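Visitor: The sequence and its predicted three-dimensional model are supplied below.
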Amino acid sequence: MKIEDRVSNYMALSGVDAVKPGARPKGNPDQKNVGQGDAFNVQLSPAATQGSEDEARLERLNAIRQQLAEGTYNISGKDVAEKILKVLKG
């Protein structure tokens, strides 16, 4: 069963634009643009965004990255299904 096809079909029908993880807007790689349109534009410096991440979160991320690299990271199918339904229901 291909879940990606069903999700992308749903998003196409509902008019929701899919956002790819890790996708960055074009432009200056040292600054992040937040918001849409010309009327509202906020630029955050790398120093401002770096201070918001705490050590515990970074440790969890590094542990997951290591498990992914080793092929030992297991995801519960039930959790995946619940999150897909949550996204689809809005």
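Guide: Thanks, I have the structure now.

Visitor: so where's the protein uncertain?
Guide: Along the chain, segments meeting pLDDT under 70 span 1-38, 49-53.

Visitor: Go through the chain and flag its longest helix.
Guide: Assignment by DSSP state H gives helix 55-70 as the longest helix of the chain.

Visitor: Can you spell out which helices and strands pack onto the following helix or strand past that one?
Guide: Note on helix 55-70: by DSSP states H and E, the next helix or strand toward the C-terminus is helix 77-89. In this structure, helix 77-89 makes packing contacts with helix 3-14, judged by 3 or more C-beta pairs under 8 Å, 6 or more residues apart in numbering; DSSP states H and E. Placement of C-beta: from N, CA and C, glycine included.

Visitor: gap between residue 58 and residue 85?
Guide: Applying C-beta to C-beta, to the nearest Å, the value for residue 58 to residue 85 is 30 Å.

Visitor: An error on my part: the question was meant for residue 40.
Guide: When residue 40 is compared with residue 85 (using C-beta to C-beta), they lie 32 Å apart.

Visitor: Also residue 65?
Guide: According to C-beta to C-beta, residue 65 stands 27 Å off from residue 85.

Visitor: repeat for residue 74
Guide: Using C-beta to C-beta, residue 74 is found at 20 Å from residue 85.

Visitor: and if you look at residue 79?
Guide: Here the criterion is C-beta to C-beta. By it, residue 79 lies 11 Å from residue 85.

Visitor: Contacts made by the longest helix of the chain with the rest, please.
Guide: Residues external to helix 55-70 that are found in contact with it (C-beta atoms under 8 Å, 6 or more residues apart in numbering): residue 73.
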